[in-house]
Structure formats: C-alpha cells, structure tokens
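Q: kindly generate the corresponding structure for this input.
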Amino acid sequence: MTLSQGMQKVNIRRMTPADLDAVVEIDSISFSLPWPRSSFGYELNNPVSRLWVAEAEEAGKPQVVGMICTWVIENEGHIATLAIHPNFRQRGLGNALLCFALLEAAHEGVELVYLEVRRSNEAAIQMYEKFGFAMTGIRAGYYSDNHEDALMMTLEKLEPTRIQALLEN
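A: Residues are numbered from 1 along each chain as shown. As a prediction, the model looks like this:
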C-alpha cells in the first residue's frame, strides 16, 4: 500500500528477513527495552504475527523508517510494538502504520484490539485515544528498566470505516 504523507510517499508492506537490520535499529533507538534481533526473527515465522514496515524514499532509494508488530488470535488483536525512526517522526507515519495494521486485522475478523503503553508516553497515548482505544487497566511496574507502569488500552469494537477515515485525514 502506498500513501502520501505530506510531501513524501510511504509504502507499507510486509516485513521480510532483509528488513531485520533496519527494524532492530529503529527499535533500539526508540525504546529503552528493545526487542532482541532473535525476537523479530521469531515473529517473522510466528503464525499469529503480522509484521509491517513503512518505507520512504531517502537519498533516492527506499529506506525502512517504521515498523509495527501485531498478533492476531481468533477475533482479538494485540499491538506488540510500533516505532518510527526519530528522523521521520511527526509526519503521520505512526498513524498510517496503525491504520494499516488495524484495517488488515479487521479483514481477518478481529473485533477487539489491546496493547500496553508506558504511562509516560503521552504522544502514543494520544494517538491510541484518537483511534478509540481507552484505558482499561494498569500493569504496575511492568517495565523492568525503571518499573514504570504500563497502561492497558483496549479498542472494544474495531470499525474499519472509522479507521479508514482516520487514514484519509
């Protein structure tokens, strides 16, 4: 799927093993507890995983600038991780990746989606709320690096038309 985000065209596609270096780099500069390379390698072969990358043209060639990993288990979805390279943030790429992943999940029959997010990650919380996610619980001390709480957020009813409208705005 190709989108125009501002002045830039972005292609969202399935992650491949060739993307691992870029994805691991994005993850490690985005999070204090990044996934090891082996975890992304495992997820590439995990039947419940759906891994997507966002590519943008940089210096005349496509470059992976964002990624999302979701899990689909029966009619439930889980956002496992989502990150955008710092040089490409604030351009709507996180929104685009989340929209795309949610629409794909809806096509697979997902009705409910949940995630955990650091209590201090206000930008992510605002983005998730825009999509209709609501806080449904707290996992106290969830993050092992600083024992920060995770907010559990749930999108109770995945509505593709509403998600598609967010993609187009």
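
Q: switch to C-alpha atoms for all contacts and neighbour counts from now on
A: Will do.

Q: now do the buried residues in the biggest strand by length in the chain.
A: In the chain, with assignment by DSSP state E, the single longest strand is strand 61-73. For strand 61-73, a neighbour-count test (16 or more other CA atoms under 10 Å) marks Gln63, Val64, Val65, Gly66, Met67, Ile68, Cys69, Thr70, Trp71, Val72 as buried.

Q: the first one bridge partners, please.
A: Spelled out, that is Gln63. Ala56 (DSSP bridges).

Q: show me what the longest strand of the chain is packed up against.
A: Helices and strands touching strand 61-73, by 3 or more CA pairs under 8 Å, 6 or more residues apart in numbering; DSSP states H and E, are helix 20-30, strand 49-58, strand 76-84, helix 93-107.

Q: now these in CSV, with mean neighbour count, mean pLDDT and distance to Gly137?
A: Listed next are the helices and strands packed on strand 61-73 as CSV, based on neighbours: other CA atoms under 10 Å; pLDDT from 0 to 100; distance: least, CA to CA, whole Å:
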stretch, mean neighbour count, mean pLDDT, distance to Gly137
helix 20-30, 18, 96, 24
strand 49-58, 20, 92, 24
strand 76-84, 21, 97, 15
helix 93-107, 21, 94, 21
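
Q: what's the closest of those to Val113?
A: strand 76-84 (4.4 Å; CA to CA).

Q: in its sheet, what does the closest one sit against?
A: If you go by DSSP bridges, strand 76-84 pairs up with strand 61-73 (antiparallel), strand 112-118 (parallel).

Q: now the angle from that strand to helix 93-107?
A: 160 degrees (axes from the mean of the first three to the mean of the last three CA atoms, to 10 degrees).
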